[in-house]
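# Give the three-dimensional model of this entry:
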Amino acid sequence: MVRYLCELVGVSRSGYYRYFSTDAQLTRQSYDQADEEVKEVILKAFNFRRRKKGARQIKMTLENQFQITYNLKRIRRIMRKYGIVCPIRKANPYRRMAKATKEHRTLPNLLNREFKQGIAGKVLLTDITYLSYGKGKRAYLSTIKDAETNEILSYEVSDKITLDIALNTVKKLKKKGGKLAEGAFIHSDQGVHYTSPQFQILVKRMGLGQSMSRRENCWDNAPQESFFGHLKDETDFESCETLEDVKREIKSYIIYYNHYRGQWNLKKMTPAQYRHHLLQVA
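Okay, the predicted model is just below:
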C-alpha cells in the first residue's frame with residue numbers, strides 16, 4: 001500500500017519514511033519554534049503605533065525602531081504561514097482615465113510632475129479629501145506636503161469644505177515657521193479653493209509661487225493622493241464619534257507618518273529623517 005501511494009504522488013519510499021523519522025520531526029519542530037519567535041517579532045512591527053503594515057513597512061519598522069534586520073522573503077513567508085494580512089489598497093479608477101484628460105490650465109503647471117527636485121521645502125503639494133466617520137458623518141482634511149521628503153508640513157481638519165480650510169492650512173504653514181527653499185511654490189488641482197483670489201493673494205504674501213495641475217489629471221498631484229490613500233487605509237475613523245475624535249486620530253497618524261513610518265523610496269527613512277539627511281548632504 002505504501003509503495004502504491006508513493007508512486008501515486010511521486011515520492012520515494014525512503015523519503016516517505018525519512019519524513020516520519022524522529023530526527024525529521026525534531027527538525028520540523030525546531031523550525032516551527034524559530035518561526036514562532038520570528039512571528040512575535042514581526043507582529044510587534046505589524047502593530048507598531050497601532051498601524052497595520054505590509055511586508056516592506058514591517059522590514060523598515062524593524063530596522064528603524066527595533067534595530068532588527070530580516071529579509072523581505074522571510075517576512076513574507078512568515079506572514080503567509082500565520083495569516084498576517086496587511087490592508088489592501090483599492091485600485092484608483094482615475095488612473096484609467098489619466099490618458100483621456102483635457103489640457104486646460106488656470107495657472108501654469110510649474111511642476112510638470114517633477115516631484116523630486118533634490119531640495120526639501122521647495123515643491124509643496126496641497127489638496128483636500130473627505131473622511132467618513134461615525135454614523136454617516138463627514139469631515140474634511142486639507143494638507144500641505146513636501147514633495148521631496150513626503151513630510152506633512154501643515155494640515156487643517158473641518159466639518160465644512162469652505163475656503164477657510166485651504167486658507168488655514170497655508171496660515172499654519174507660515175505659523176509653523178519651517179524654512180522653505182528659495183523658489184518654493186504650492187502645487188494643487190484646479191479646485192475653487194485654489195483659484196480663489198483670497199487664496200492666491202495669501203500665497204503671494206508668503207512669498208510662494210503657485211502651480212496647478214491640468215484639468216482632471218490626477219497624475220499631476222499623485223504623491224498627495226497617495227498620502228490620502230495610506231491615511232484612509234491605516235486609520236480607524238469608523239470608531240470616531242465626534243469631530244474631535246477624528247482630529248485626534250489624524251494628529252496621531254501624521255505624527256506616525258512623519259516620524260515613524262519608513263518609506264522605501266526615501267532610502268527606508270521616515271520623512272523627518274530624510275529631511276535631516278538632505279540638510280546634512282547639502
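
# What are the boundaries of the strands in the stretch 151-282 of the chain?
For the stretch 151-282 of the chain, the strands defined by DSSP state E, counting those that start in this stretch occupy 152-158, 185-188, 209-212.

# what's the spacing between stretch 67-74 and its chain's center?
20 Å (Cα atoms, centre = their mean, to the nearest Å).

# contacts for it?
Contact with stretch 67-74 is made by 38, 41-42, 55-56, 59, 62-63, as judged by Cβ atoms under 8 Å, 6 or more residues apart in numbering. (Each C-beta comes from the backbone N, C-alpha and C, glycine too.)

# In PyMOL, select just the buried ones from the residues you listed.
Filtering the contacts of stretch 67-74 down to the buried ones (16 or more other Cβ atoms under 10 Å) takes a single PyMOL command:
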select buried, resi 38+41+42+55+56+59+62
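
# Mark which of the contacts of stretch 67-74 are part of strands, please.
Secondary structure from DSSP state E places none of the contacts of stretch 67-74 in strands.

# So this structure: which segments form each domain?
What the TED database lists as the domains of the chain is 1-6+13-82, 114-281.

# Spell out, range by range, the helices that occur in the stretch 101-250 of the chain.
Along the stretch 101-250 of the chain, counting by DSSP state H, counting those that start in this stretch, helices occupy 163-176, 192-195, 197-205, 222-234, 243-259.

# In the last one, which residues are buried?
Residues of helix 243-259 classed as buried by neighbour count (16+ other Cβ under 10 Å): 243, 245-247, 249-250, 253-254, 256-258.

# got it, and the second one?
When neighbours are counted by 16+ other Cβ under 10 Å, the buried residues of helix 192-195 are found to be 193-194.

# Can you give the distance of that helix from its chain's centre?
Relative to the centre of its chain, helix 192-195 is centred 26 Å away, using Cα atoms, centre = their mean.

# that older thread, present the helices of the stretch 101-250 of the chain as a markdown table; the columns should include distance to residue 86 and mean pLDDT.
Shown next, in a markdown table, are the helices of the stretch 101-250 of the chain (distance: least, Cβ to Cβ, whole Å; pLDDT from 0 to 100):
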| stretch | distance to residue 86 | mean pLDDT |
| --- | --- | --- |
| helix 163-176 | 30 | 92 |
| helix 192-195 | 33 | 88 |
| helix 197-205 | 37 | 93 |
| helix 222-234 | 9 | 88 |
| helix 243-259 | 15 | 96 |
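
# will you turn those into a markdown table that also has distance to residue 137?
Compiled in a markdown table, those are given as follows (distance: least, Cβ to Cβ, whole Å):
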| stretch | distance to residue 137 |
| --- | --- |
| helix 163-176 | 16 |
| helix 192-195 | 22 |
| helix 197-205 | 27 |
| helix 222-234 | 15 |
| helix 243-259 | 8 |
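
# closest one to residue 123 among the ones you listed?
Closest to residue 123 of the helices of the stretch 101-250 of the chain is helix 222-234 (Cβ to Cβ; 9.2 Å).

# Which secondary structure elements does that closest one sit against?
Secondary-structure packing of helix 222-234 (3 or more Cβ pairs under 8 Å, 6 or more residues apart in numbering; DSSP states H and E): strand 123-133, strand 137-146, helix 243-259.

# Quick check: residue 238 vs residue 156, distance?
22 Å (Cβ to Cβ, to the nearest Å).

# The two: which is more packed in?
residue 156 (21 against 10; other Cβ atoms under 10 Å).

# residues contacting the more buried one?
141-142, 165-166, 168-169, 172 are the contacts of residue 156 under Cβ under 8 Å, 6+ apart.

# Likewise for residue 145?
124-126, 151-153, 223-224, 227.
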